[in-house]
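Colleague: Structural data only, the sequence is not supplied:
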């Protein structure tokens, strides 16, 4: 039997700037709900959280909270002003948690609460905010982008804590992996309306596509003036998904090709190249580079050849040396030993997490087009309003002051400006912070279509899996693993207990070893088994894709989770297994296809 909600809001409405931000929203939160709140930047997700927490008053609606319910808001950017240390801030407020509770959680997160608030990094502020929120033992926890500024180790810890948590939570996040692992229902805030689906974020995209398809059919039956919106729904959303599938297939092919350049022993095939070969293919060549600060080795001897068109992801815990490695690869920092060769024709654009040069008094037009009506986009002249539409902006926003944009809109504006510049090297430092899911999809598109080389530092696991061809994984000891593929491929390699050790002087590691259940094909003529796999695997992959789609359709039934939780769990597990088998089958087929074509 379903338990009564601990919080409900009926007919919620709020006006902003003379218009209804949302109107007639109904919201009910059960005592064990794990809810993902999804919606574009600017639709009011953070504002809704502040209303739920009681920080804002609504203009309309009835709010009911079960007596004794403790609601805690983990804000995206809390105000620490007026407090000397992080602990001083954590102990402030009407109902401060016990200091020993804060210290216990802070210790697990690796944050010193005696750190002065002035000059505290984004990661330190985020960890302190998490320690403060969790120590209050909330019945309902509201988390606004909780993984921003966290490294992978801290994200893993938070996921484990939430998995054991006995209360309810709502979360706003761009981290697809985080949402898929933890949520059991989805709230979609879209154009002033709220939809709810009692299925976790893993089923969100199929649900979204279904809703848009139904809207498109309805619009077609209405006045011809609305056909434009139908065109956007069909061509903008559905077509984008289809294009992204094509891009993912291309990415898998690039990964397979890159894997073939890494030897089984764990070192790259870093042979001497002619000047012509270097100019035409390689853009950055690192040969046995090292970096030591004091008595700590940041980078052990490490070699890598970066080819034109590579998409390189750099991952690791905070302090492991990601930024140091990035600065050496781009020529900003000299190695202590070894050499870095950078192609003279390489011209880079860096988009960092500080979002610099975004003066609040400037207009969108000032930022993107230096105050004009036209902009040169990598040699192509475009009208500023048309270009803004490509980055999901309403063209009317062109003369809006930057200061009133949301954090996500500012990030998107920065992307629009930087991607317009002519370059053949793109450096992205934590590019996913503050972006909504639609903008993340757009960013993935732009990276996929970018003709140059891309270096990405990120803790967003799903984003890396969708964008990079090589992952450089730092474990904090100075060792750098080089793995063909994304974050999950790096994780798989780390979990292999008998992975081959690199030879002295070369720490670049190989692509993940084949699964024990899979025999890697030998160069030359295909064996009978290889030939059979090559012929039969495409059909099997198609079967698995159909099974995954069928399972997601069943999970889209909002009543299934409450009526038959065991069936829901079985189908979810079946989908997970099908995806795993499909990944293995695709890798196997790509290996065989390389042999056939080569």
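Modeller: It's in. Computed from a predicted structure; not experimentally measured.

Colleague: Could you check the pLDDT of residue 502?
Modeller: On the pLDDT scale, residue 502 is placed at 37.

Colleague: Could you do residue 262 as well?
Modeller: 64.

Colleague: Now do the helices in the stretch 301-450 of the chain.
Modeller: 322-329, 364-369, 384-390, 407-419, 437-449 (DSSP state H, counting those that start in this stretch).

Colleague: for the second one, what is the average pLDDT?
Modeller: Yep, that's helix 364-369 we're talking about. pLDDT averaged over helix 364-369 gives 91.

Colleague: before we move on, back to that, list just the one of the helices of the stretch 301-450 of the chain that sits closest to residue 215.
Modeller: helix 437-449 (15.8 Å; CB to CB). C-beta: built from backbone N, CA, C; applies to glycine.

Colleague: Given the helix or strand following the closest one, what are its sheet partners and their directions?
Modeller: Beyond helix 437-449 on the C-terminal side, the first helix or strand identified by DSSP states H and E is strand 453-457. With DSSP bridges as the test, strand 453-457 is paired with strand 311-316 (parallel), strand 425-429 (parallel).

Colleague: angle of strand 453-457 against helix 437-449?
Modeller: If you take axes from the mean of the first three to the mean of the last three CA atoms, to 10 degrees, strand 453-457 sits at 140 degrees to helix 437-449.

Colleague: any idea of the angle strand 453-457 forms with helix 322-329?
Modeller: Going by the same axes, to 10 degrees, strand 453-457 makes 160 degrees with helix 322-329.

Colleague: pLDDT averaged over the helix or strand following strand 453-457, what's the number?
Modeller: Per DSSP H and E, strand 453-457 leads on to helix 461-467 as the next helix or strand towards the C-terminus. Average pLDDT, helix 461-467: 91.

Colleague: do the same with stretch 302-314
Modeller: Averaged over stretch 302-314, pLDDT sits at 92.

Colleague: That one spans what distance, first to last residue?
Modeller: Using CA to CA, to the nearest Å, the end-to-end distance of stretch 302-314 comes out at 14 Å.

Colleague: same deal with stretch 462-479?
Modeller: Start and end residues of stretch 462-479 are separated by 24 Å (CA to CA).

Colleague: Next: stretch 374-393.
Modeller: Using CA to CA, the end-to-end distance of stretch 374-393 comes to 16 Å.

Colleague: so is residue 24 in a helix, a strand, or just coil?
Modeller: strand (DSSP: H, G, I helix; E, B strand; the rest coil).

Colleague: Hmm, residue 11 and it touching each other?
Modeller: Yes - using CB atoms under 8 Å, residue 24 is in contact with residue 11, at 5.4 Å.

Colleague: Give me the below-cutoff pLDDT ranges for this structure.
Modeller: Low-confidence segments of the chain, defined by pLDDT under 70: 1-2, 216-246, 261-280, 352-357, 495-526, 528, 558, 561-562, 594, 596-598.

Colleague: Tell me the helices and strands packed up against the longest helix along it.
Modeller: The helix spanning the most residues in the chain, taking DSSP state H as the definition, is helix 565-597. Helices and strands in packing contact with helix 565-597 are listed as helix 239-259, helix 528-555, helix 560-563; criterion 3 or more CB pairs under 8 Å, 6 or more residues apart in numbering; DSSP states H and E.

Colleague: No more questions from me, cheers.
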